[in-house]
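Asks: this is a predicted model, with the sequence first.
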Amino acid sequence: MRILVIEDEHKIANSIKKGLQQESFAVDAIYNGTEGYDLASTEDYDLIVLDLLLPGMDGLEICKKLRDKQIHTPIIMLTAKDQVEDKVKGLNSGADDYLAKPFAFEELLARIRALARRPKNTITNTLAIEDLTLDTENFVVKRAEKMIELSKKEFSLLEYLMRHPGQILTKDQIINHVWDYDADVLPNTVEVYIGYLRKKIDNSFKNKTILIHTHRGFGYKIGSPK
């Protein structure tokens with residue numbers, strides 16, 4: 001899951017970024033409203049954490065312009081203000097949620113996970129494809145009830161695949177959602193990590209259905225081979 005943080009207070013932005021990265025999210029942090037809008041309107045993010053008061057372009061304007069462009073990425077708006085009027089303005093501009101500073105990181109994380117579940121109407125934290133399950137909150141992956149140990153990046157890649165079952169995902173789509181904007185990703189990086197997952201998800205279960213498939217020239221998908 002790829003998240004954009006637009007926050008002009010470097011300490012807060014970097015703290016959020018570090019915390020979310022520890023939770024296996026890919027995170028980009030921008031400290032200016034204009035630059036933040038440019039990224040939000042041109043790159044593909046799963047969620048945006050947006051401060052209200054920003055240099056260049058404030059959060060309300062960013063939110064409204066994104067919605068006017070039919071960009072419906074979930075937005076959590078942050079502000080030092082805690083007045084009802086400010087909350088109403090933020091929500092009316094198109095924000096999905098509102099969090100007043102100071103806030104506990106655990107609350108921000110819970111709200112992010114709630115918004116991440118909303119588009120697919122998922123009522124639990126567990127994704128499942130056949131006998132493969134992934135717990136997005138506790139970072140537990142099992143196949144046929146057997147625990148599978150994954151690195152953070154392997155977990156993020158598997159989660160992205162499992163959120164799009166049966167869908168062929170290109171390398172560019174995978175890179176955009178699993179790696180940070182500034183990450184040094186080589187052309188074969190996706191292939192390498194798909195290989196890591198195959199060894200753990202498919203090759204280790206000889207009598208089970210192969211779940212991860214390559215569609216040469218197109219990309220990868222998880223689920224039925226058909």
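Replies: It's in. Numbers count the residues shown, from 1 in each chain.
Asks: and the helices in the protein?
Replies: Assigned by DSSP state H, the chain shows helices spanning 10-22, 33-42, 59-68, 84-92, 105-117, 152-162, 171-178, 189-198.
Asks: got the buried residues for stretch 171-189?
Replies: For stretch 171-189, a neighbour-count test (16 or more other CB atoms under 10 Å) marks 171, 173-181, 189 as buried. To be clear about C-beta, it is placed using only N, CA and C from the backbone, and glycine gets the same treatment.
Asks: quick one: the helices of the chain as a markdown table, columns for distance to Leu127 and mean pLDDT too.
Replies: Formatted as a markdown table, these follow (distance: least, CB to CB, whole Å; pLDDT from 0 to 100):
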| stretch | distance to Leu127 | mean pLDDT |
| --- | --- | --- |
| helix 10-22 | 19 | 95 |
| helix 33-42 | 26 | 96 |
| helix 59-68 | 27 | 92 |
| helix 84-92 | 29 | 70 |
| helix 105-117 | 10 | 88 |
| helix 152-162 | 4 | 94 |
| helix 171-178 | 15 | 89 |
| helix 189-198 | 14 | 95 |
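Asks: could you check how far Ile168 is from Lys199?
Replies: 21 Å (CB to CB, to the nearest Å).
Asks: and the two? Which one has more around it.
Replies: Per other CB atoms under 10 Å, whichever of Ile168 and Lys199 has more neighbours is Ile168, with 13 against 10.
Asks: can you pull the contacts of that one?
Replies: Residues near Ile168 by CB atoms under 8 Å, 6 or more residues apart in numbering: 215, 218-221.
Asks: repeat that for Ile16.
Replies: 5, 7, 27, 29, 49, 105, 108.
Asks: count of neighbours near the residue lying closest to the last one once chain neighbours are set aside?
Replies: On the basis of CB to CB, 6 or more residues apart in numbering, the spatially nearest residue to Leu108 that is not a chain neighbour turns out to be Leu99, at 6.1 Å. Residues near Leu99, counting by other CB under 10 Å, number 19.
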